[in-house]
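**Student:** Any chance you can model this:
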Amino acid sequence: MEIIPAFVYRDGIQSDTGYIEWLSDVKARFRQNQIKASIKVNTSMLEFYWSIGRDLVALQAEDRWGSGIVKQFALDMRRFFPEITGFSYSNVKYMKQWYSFYFDRIPSVNGQHVAGAVEKEMGQQVAGLLEMPPIFGQVPWFHHVHIISKCHSLDEALFYIKKVVEEGWSRSFLESQIAADLFKNKGNALSNFERTLPSPQNLLAKEMLKDPYHFDFLSMTPEYDERELEEALVTNITKFLLELGKGFSFVGCQMELQMPGGQTFFPDLIFYHIPQHRYVIIELKAVKYIPEFAGKLNFYVTAADELLRGEYDNPSVGLIICKSTDKTIVEWSLKDINKPLGVATYQLQEVVDRTIAEIEQKSKETI
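**Tutor:** Below you'll find the predicted structure:
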C-alpha cells in the first residue's frame with residue numbers, strides 16, 4: 001500500500017490529507033456503485049426470465065403449440081439474437097420451471113391465486129405473480145435454478161433465498177447447505193432454552209443451533225478421539241464457522257478459565273455470537289451423549305458468565321456436539337440444569353488410514 005505524506009508533489013499535483021480522504025471516499029462510492037449496477041443488471045435479466053416463464057405458463061404454450069414449442073422458442077431467440085447468451089434450450093426450460101415452481105405453490109381460491117403466502121414471506125404484494133418478487137433480484141440466476149431443482153416446498157425455497165441475500169452465500173455453499181438439509185435441521189438441537197432464557201432470547205438462541213452439524217470437510221480415521229476432532233476443526237476453522245452459521249466469531253481453543261482460587265479449566269471451544277451478544281461454549285464428544293456431559297458444560301457456562309461476560313452481553317450458552325444422542329436421556333439430563341444448554345450431533349466421513357506396511361503385513365498373513 002502506498003503511503004503518501006501530508007504534502008507531496010506528483011506530476012505537478014499537490015496532494016494533502018484532504019485530497020487523500022476525498023480520494024478514499026470516491027473509491028468507496030465507486031465500489032458501492034459497481035455493486036448497485038451489478039444488482040440492477042441481475043435484476044433486469046431475472047425480471048425478463050420471469051416474464052418468459054410467466055408467458056409460457058399463462059399461454060399454456062405446450063398445449064397450444066405442441067410439446068416442442070420451448071425448444072423452438074429457444075432456437076428462434078438464438079437466431080434473432082445470436083450475440084446474446086441465455087437462450088439455450090435448457091435455460092429456457094429453467095425459466096418456465098422457475099415461474100411454475102412458485103405459481104404451483106401459491107394458494108388459490110376459486111382458481112385465482114392469492115398472494116398472501118408471498119406477501120407474508122417477502123413483504124410485497126404480488127397479485128397472481130405477474131411481477132417477480134423484488135427479493136429475487138438479489139439472488140444470482142443459477143442459485144435460483146439450484147433452489148427450484150432441489151427444494152420441495154415454498155417455505156423451503158424462500159428460506160434459502162433469504163439466506164443467500166442475508167449471508168451472501170456462494171452457489172457452492174448454497175448447494176452444500178441444501179444437501180445438508182439446513183432448512184429442516186435449523187433449530188433442531190435439543191435444549192433447555194425455553195426454561196433458562198427469557199423470551200424472545202430463547203427462540204433466538206434455539207434458532208442459532210441446528211442438528212446435525214456436517215463436518216464433511218474433515219477426513220478422520222475410525223479411531224479418532226475428541227482431541228483429534230477438536231484439532232481438525234480448529235485447523236479448518238473457516239469451514240467450521242460456515243457450518244456453525246452466520247454471526248459466530250472464534251474466541252479460543254482450550255482457552256484458560258482461571259478461578260479466583262487459582263484453579264484453571266479449559267473448555268474445548270469458545271465462540272462469540274455477534275448478533276446475539278453472547279458467548280457460546282462448545283464441548284466436543286466423539287462418543288454417544290451421557291448425562292455427565294451436561295454437568296461439566298453447565299459449570300463451564302457459569303465460569304464464562306463470571307469471567308468473560310461483559311456488561312452488555314447476554315447470558316452465555318453451552319452446546320455439546322456429540323456422535324449420537326438419546327432424546328429422552330438428553331431431555332432428562334437438562335431438566336434441572338440452570339444454565340442454557342443445547343445438545344446436537346455431528347456427521348462426518350471416516351476414512352481408513354492404511355499404511356503400506358499394514359497392507360504388506362496383511363498380504364503376508366493371507367499367503
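**Student:** In the stretch 101-250 of the chain, where is pLDDT below threshold?
**Tutor:** Where the stretch 101-250 of the chain drops to pLDDT under 70, the residues are 107-128.
**Student:** would you list every one of the helices in it?
**Tutor:** Here the stretch 101-250 of the chain has its helices, by DSSP state H, counting those that start in this stretch, at 116-122, 141-150, 154-167, 171-179, 182-185, 193-196, 201-208, 226-235, 237-244.
**Student:** now stretch 292-311, how far from the centre of its chain.
**Tutor:** The chain centroid and the centroid of stretch 292-311 are separated by 27 Å under C-alpha atoms, centre = their mean, to the nearest Å.
**Student:** ok, now stretch 210-228?
**Tutor:** On the basis of C-alpha atoms, centre = their mean, stretch 210-228 sits 19 Å off its chain's mean C-alpha point.
**Student:** same thing with stretch 238-254?
**Tutor:** Remark: stretch 238-254 is offset 12 Å from the chain centroid, using C-alpha atoms, centre = their mean.
**Student:** gap between the two ends of it?
**Tutor:** Stretch 238-254 has an end-to-end distance of 18 Å (C-alpha to C-alpha, to the nearest Å).
**Student:** sorry, back to before: could you dump the helices of the stretch 101-250 of the chain to JSON lines with distance to Leu269 and mean neighbour count?
**Tutor:** Every residue, glycine included, has its C-beta placed from N, CA and C. Shown next, in JSON lines, are the helices of the stretch 101-250 of the chain (distance: least, C-beta to C-beta, whole Å; neighbours: other C-beta atoms under 10 Å):
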{"stretch": "helix 116-122", "distance to Leu269": "35", "mean neighbour count": "16"}
{"stretch": "helix 141-150", "distance to Leu269": "31", "mean neighbour count": "17"}
{"stretch": "helix 154-167", "distance to Leu269": "21", "mean neighbour count": "18"}
{"stretch": "helix 171-179", "distance to Leu269": "21", "mean neighbour count": "16"}
{"stretch": "helix 182-185", "distance to Leu269": "20", "mean neighbour count": "16"}
{"stretch": "helix 193-196", "distance to Leu269": "19", "mean neighbour count": "16"}
{"stretch": "helix 201-208", "distance to Leu269": "15", "mean neighbour count": "19"}
{"stretch": "helix 226-235", "distance to Leu269": "7", "mean neighbour count": "16"}
{"stretch": "helix 237-244", "distance to Leu269": "9", "mean neighbour count": "17"}
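**Student:** what mean pLDDT does whichever strand or helix holds Val301 have?
**Tutor:** Per DSSP states H and E: Val301 is located in helix 292-307. Across helix 292-307, the average pLDDT comes to 94.
**Student:** The helices of the stretch 101-250 of the chain: which one's closest to Asn314?
**Tutor:** helix 201-208 (6.3 Å; C-beta to C-beta).
**Student:** Can you tell me what sits against that closest one?
**Tutor:** Contacting residues not belonging to helix 201-208 are listed as 186-187, 189, 191, 193-194, 196-197, 245, 247, 273, 276, 278, 280, 314-315, 317, 340, 342 [C-beta atoms under 8 Å, 6 or more residues apart in numbering].
**Student:** 7 Å instead, please
**Tutor:** Lys186, Gly187, Ser191, Phe193, Glu194, Leu197, Gly245, His273, Gln276, Asn314, Val317, Pro340 (C-beta atoms under 7 Å, 6 or more residues apart in numbering).
**Student:** mind saving the C-alpha coords of it as PDB?
**Tutor:** Provided in PDB are the C-alpha atoms of helix 201-208 (Å, rounded to 0.1, in the frame of the first residue of the first chain):
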ATOM      1  CA  GLN A 201     -34.000 -14.700  23.700                       C
ATOM      2  CA  ASN A 202     -35.000 -18.400  24.000                       C
ATOM      3  CA  LEU A 203     -36.300 -18.500  20.400                       C
ATOM      4  CA  LEU A 204     -33.300 -16.600  19.000                       C
ATOM      5  CA  ALA A 205     -30.800 -18.900  20.800                       C
ATOM      6  CA  LYS A 206     -32.600 -22.000  19.600                       C
ATOM      7  CA  GLU A 207     -32.600 -20.700  16.000                       C
ATOM      8  CA  MET A 208     -28.800 -20.200  16.400                       C
END
